[in-house]
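Chemist: What shape does this take:
(one chain, ligands or ions: 1)
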Amino acid sequence: MELKIEHISKQFKDKTAVDDVSLTLTTGVWGLLGANGAGKTTLMRILADIMTPSSGRISLDGKDIHKMGADYRNIFGFLPQDFGYSRDFTVKDYLEYVAALKDVPLRETTKKINYLLDILTLSDVKRKKIAQLSGGMKRRVGIAQAMLNDPKILVMDEPTAGLDPGERVRFRNFISEFSHDRIVLISTHIVSDIEYIATRNAIMKAGKIIDVGTTSDLVKQIEGKVWSCAIPAHKMMDYEMRLRIINQRGEDNNQISIRYLAEHSEVEGSILAEPRLEDLYLWLFPQEDVEREEK
Ligand SMILES: Nc1ncnc2c1ncn2[C@@H]1O[C@H](COP(=O)(O)OP(=O)(O)OP(=O)(O)O)[C@@H](O)[C@H]1O
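Modeler: Alright, predicted model coming up:
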């Protein structure tokens, strides 16, 4: 299966949100990484065929997705950043409603809903109104609705926003299993969520895809630039001013272990660390605050 994005652009008045993007998505989990405003949401909406591109074409195994119409929607699942629901819907009512919209056969609906509620640990709240749920629960209801039709292509915009660390781990495991023989595209600010499960990543900056590859391929460009060392706690402020610190951890002996990005060692005693996707993200987007998984 091949979902081919060819020369897609999207112009909003004087803003080019997506700028001549070409990318071929194959089966597996794809991470879509980029700073705020990079164009990820716009690209995902175009992939969902709910937004028309200004130019370019998207095809699934050679067929134009827009022309496929319902045939595409039947095999496509989408979690938008904010999914709409009526305030009066309970979780169960809402999922039944979406299942009907997606033409899920009635005899399969209850089984499918119960399965997803169980996997996403929502069974206890299935009769509650969505409006009364916590942010993380609402997000999981959104994930459930995107998966109701057992999609061959699943696109999720920030699926892990609001999930706690345990929920994230369950989500990652579930998606890894689910992605077998399917295309799953995930955008997230929590880089470590993608790092664990993405077969490939696409990095987006100012509307363009600037890099594509496996995590280990991509991080090669910062090999030799990630350092770790320990510094006295009272000097932390000083080091913060002059180093690009990625991580810090207080130790017992008034020392702080730090991980920083630099072309050369900047602190005596520094040792090279194995680069991670989060390091690359900070290298490419130095102004961005990366939302980290709580450890
Ligand atoms: N409907 C619109 N009208 C005008 N400009 C828009 C519209 N939608 C998006 N944009 C602009 O296009 C650019 C890309 O936005 P987009 O939401 O696709 O980025 P993003 O990478 O998803 O960002 P975020 O991570 O913050 O959601 C931004 O500058 C945004 O302001």
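
Chemist: what ranges of the stretch 1-150 of the chain fall below the confidence cut-off?
Modeler: Scanning the stretch 1-150 of the chain for pLDDT under 70 picks out no residues.

Chemist: cutoff 80 now
Modeler: Scanning the stretch 1-150 of the chain for pLDDT under 80 picks out the ranges 84-87.

Chemist: Dead centre of the chain: give me the residue that sits there.
Modeler: Ser187 (2.5 Å; Cα atoms, centre = their mean).

Chemist: beta partners for it?
Modeler: In this entry, Ser187 is beta-bridged to Leu32, Asp157, by DSSP bridges.

Chemist: where does it land on pLDDT?
Modeler: Per-residue confidence (pLDDT) for Ser187: 94.

Chemist: That one contacts Lys40, doesn't it?
Modeler: Yes. Taking contacts as Cβ atoms under 8 Å, Ser187 lies within contact range of Lys40: 4.4 Å. Using the backbone N, CA and C atoms, a C-beta is placed for each residue, glycine as well.

Chemist: Now for these two: what residues contact both?
Modeler: Leu32, Gly34, Asp157 (Cβ atoms under 8 Å, 6 or more residues apart in numbering).

Chemist: Just list the residues touching the last one, thanks.
Modeler: In this case it means Asp157. Lys40, Thr41, Met44, Leu79, Pro80, Gln81, Ser187.

Chemist: Of those residues, which count as buried by neighbour count?
Modeler: Lys40, Thr41, Met44, Leu79, Pro80, Ser187 (16 or more other Cβ atoms under 10 Å).

Chemist: just to revisit the earlier point, list just the nearest of the shared contacts of Ser187 and Lys40 to Lys92.
Modeler: Asp157 (24.2 Å; Cβ to Cβ).

Chemist: now the host helix or strand of Val141: how far from the chain's centre is it?
Modeler: In this assignment (DSSP states H and E), Val141 forms part of helix 135-147. Centroid separation for helix 135-147 versus its chain: 14 Å, with Cα atoms, centre = their mean, to the nearest Å.

Chemist: again, but for stretch 97-108
Modeler: Using Cα atoms, centre = their mean, the offset of stretch 97-108 from its chain centre is 26 Å.

Chemist: Checking the residue of the stretch 51-200 of the chain found nearest the ligand next. Helix, strand or coil?
Modeler: Nearest to the ligand in the stretch 51-200 of the chain, going by Cβ to the nearest ligand atom, is Gln81, at a distance of 6.2 Å. Recorded secondary structure, Gln81: coil (DSSP: H, G, I helix; E, B strand; the rest coil).

Chemist: That one is in contact with Glu158, isn't it?
Modeler: Yes. Gln81 is within contact range of Glu158, at 5.7 Å (criterion: Cβ under 8 Å).

Chemist: what's Ile143 in contact with, if anything?
Modeler: Leu79, Leu120, Met156, Pro159, Phe171.

Chemist: ignore the last one, Pro275
Modeler: Contacts of Pro275 by Cβ under 8 Å, 6+ apart are Val219, Lys220, Ile222, Glu223, Lys225, Val226.

Chemist: is it fair to say it lies in a strand?
Modeler: No. Counting by three-state DSSP, Pro275 falls outside a strand, being coil.

Chemist: Dihedrals phi and psi, it?
Modeler: Note on Pro275: its backbone torsions stand at phi -70, psi 150 [degrees, to the nearest 10].

Chemist: Just give the nearest non-adjacent residue to it, would you?
Modeler: Val219 (4.2 Å; Cβ to Cβ, 6 or more residues apart in numbering).
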